[in-house]
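**Q** Predicted model follows, preceded by the sequence.
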Amino acid sequence: MRKLFAASAVICLLASCAAPTPALRPARGAEQRVETEHWLRTELYFGIGPLDDVSAAAHQQRWREFLDREITPRFPDGLTIYDVHGQWRASGRSEIQHERSKEVMLIYRDTAQHRADIEAIRAAWKKLSGDESVLRVTQPAEVAF
């Protein structure tokens, strides 16, 4: 009896190792793989007005119009926007400026057109706002959808 019980236990153990249970298998179609080489992640930082500015609503409206006119048409497949507070010091000055800012995160295939689009966005904001710069941070990205 003891041998029969031991043999049954071994058979059950081996059967459980033979194939994963359905719950452990990845669901088909759960993640669509795409070509992940040559993708970039760029973060752009736009100053939209001083933290203590009473006309914050006007700055927000100007930002929204800029987003609709300059950024969305160039990256219509999607982007992420964060509200952030930034600080910086202009060269040659001692005081630190504090301002409301927007961070735009873009994930895109690395093409000459996309790079040109990002530079056009930066130039358009500097022209509209009078800002000296739009900070750009770009790094390689591995993506899956």
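**A** Great, that's in hand. Residues are numbered from 1 along each chain as shown.

**Q** what are the ranges of the helices in this protein?
**A** Along the chain, counting by DSSP state H, helices occupy 2-18, 56-66, 112-129.

**Q** So for the longest one, what gets flagged as buried?
**A** Residues of helix 112-129 classed as buried by neighbour count (16 or more other C-beta atoms under 10 Å): His114, Asp117, Ile118, Ile121, Arg122, Ala124, Trp125, Ser129. Placement of C-beta: from N, CA and C, glycine included.

**Q** Mean confidence (pLDDT) on it, please.
**A** For helix 112-129, the mean pLDDT works out to 97.

**Q** And the contacts of that helix?
**A** 40, 42, 44, 46-48, 62, 66, 70-71, 74-75, 106, 108, 131-134, 136 (C-beta atoms under 8 Å, 6 or more residues apart in numbering).

**Q** Show me how to select, in ChimeraX, the buried members of the residues you listed.
**A** Those of those that count as buried under 16+ other C-beta under 10 Å are selected in ChimeraX with:
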select :40,42,44,46,47,48,66,70,71,74,75,106,108,134
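
**Q** mind listing which of the contacts of helix 112-129 are in strands?
**A** The strands, defined by DSSP state E, take in Leu40, Thr42, Leu44, Phe46, Gly47, Ile48, Leu106, Tyr108, Arg136 from the contacts of helix 112-129.

**Q** didn't Cys47 look like it was pressed against Gly86?
**A** To be clear, residue 47 is Gly; Cys isn't right here. Yes - counting by C-beta atoms under 8 Å, Gly47 does reach Gly86; the two are 6.4 Å apart.

**Q** shared neighbours, the two?
**A** The contact lists of Gly47 and Gly86 share Glu99, Ser101, where a contact means C-beta under 8 Å, 6+ apart.

**Q** tell me the pLDDT at the spatially most central residue of the chain?
**A** When C-alpha atoms, centre = their mean is applied to the chain, the residue found nearest the centroid is Met105 (4.1 Å). Note for Met105: predicted pLDDT of 98.
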